[in-house]
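A.B. asks: Quick one, structure for this:
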Amino acid sequence: MVTNTSRKRQPFSTEQKESLSEGREQSKIVRKYLEAIEHSKPKRGRKRTLESITKQLSTIDNTIKATHSLNRLHLTQKKIELTQELELIKNGPDIRELEAEFISVAMDYSRRKGISSLAWKELGVSPEVLAKAGISPIGKPERRPRTNK
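C.D. replies: Prediction:
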């Protein structure tokens, strides 16, 4: 006969809850900054400008009514994509603000997760930003010892 010997979990202490909350907040800041870096990387081919996107939208508006329904469908989708791209260019994330937030949490996050400066650089974080965050260019940051209270 198998008995169910499940242990009751102890509730999280206030300190543990605060630590989890801080970790989630740091992860959110790091993710937003890395996504902004990824988005701002130069793409292959000709650079897209506000003027070129606006011109394409105008061309679509001029031709969309004169085409048959299947082409109109594809042009409508292209118009949606161009409009979204235009909005992103106009109102894209403020990389400086995200960078400042990243700098404030990067060292602690790196120590907690064991992230090296090399890993940050591979994802596009500049050495200058890492230096401002206090992350040395060599090796892994030391992990903070965990305290069980």
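A.B. asks: Quick one, grab the pLDDT at the residue most central in space within the chain.
C.D. replies: Centroid check for the chain by C-alpha atoms, centre = their mean gives Glu35 as the closest residue, at 2.6 Å. Looking at Glu35, its pLDDT is 90.
A.B. asks: Same check on the one 3 residues further on?
C.D. replies: What the model reports for Glu38 is a pLDDT of 85.
A.B. asks: Which residue is the nearest non-sequential neighbour of it?
C.D. replies: Leaving aside its sequence neighbours, Glu38 sits nearest to Gly124 (C-beta to C-beta, 6 or more residues apart in numbering; 6.9 Å). C-beta coordinates here come from the backbone N, C-alpha and C atoms, glycine included.
A.B. asks: Repeat that for Ile64.
C.D. replies: Per C-beta to C-beta, 6+ apart, closest to Ile64 is Leu75, 4.9 Å.
A.B. asks: Now do that neighbour against Glu85, distance only.
C.D. replies: 15 Å (C-beta to C-beta, to the nearest Å).
A.B. asks: So the protein: which segments form each domain?
C.D. replies: 48-92, 94-142 (automatic domain parsing).
A.B. asks: Let me see the ranges of the helices in the protein.
C.D. replies: 14-40, 50-63, 69-91, 95-113, 117-122, 127-133 (DSSP state H).
A.B. asks: Quick check: buried residues in the second one?
C.D. replies: What it means is helix 50-63. For helix 50-63, burial by neighbour count (16 or more other C-beta atoms under 10 Å) applies to Ile53, Gln56, Leu57, Ile60.
A.B. asks: Same check on the longest one?
C.D. replies: Buried positions in helix 14-40, judged by neighbour count with 16+ other C-beta under 10 Å: Gln26, Ile29, Val30, Tyr33, Leu34, Ala36, Ile37.
A.B. asks: Now do it against helix 95-113, angle only.
C.D. replies: Orientation of helix 14-40 against helix 95-113 (axes from the mean of the first three to the mean of the last three C-alpha atoms, to 10 degrees) gives an angle of 130 degrees.
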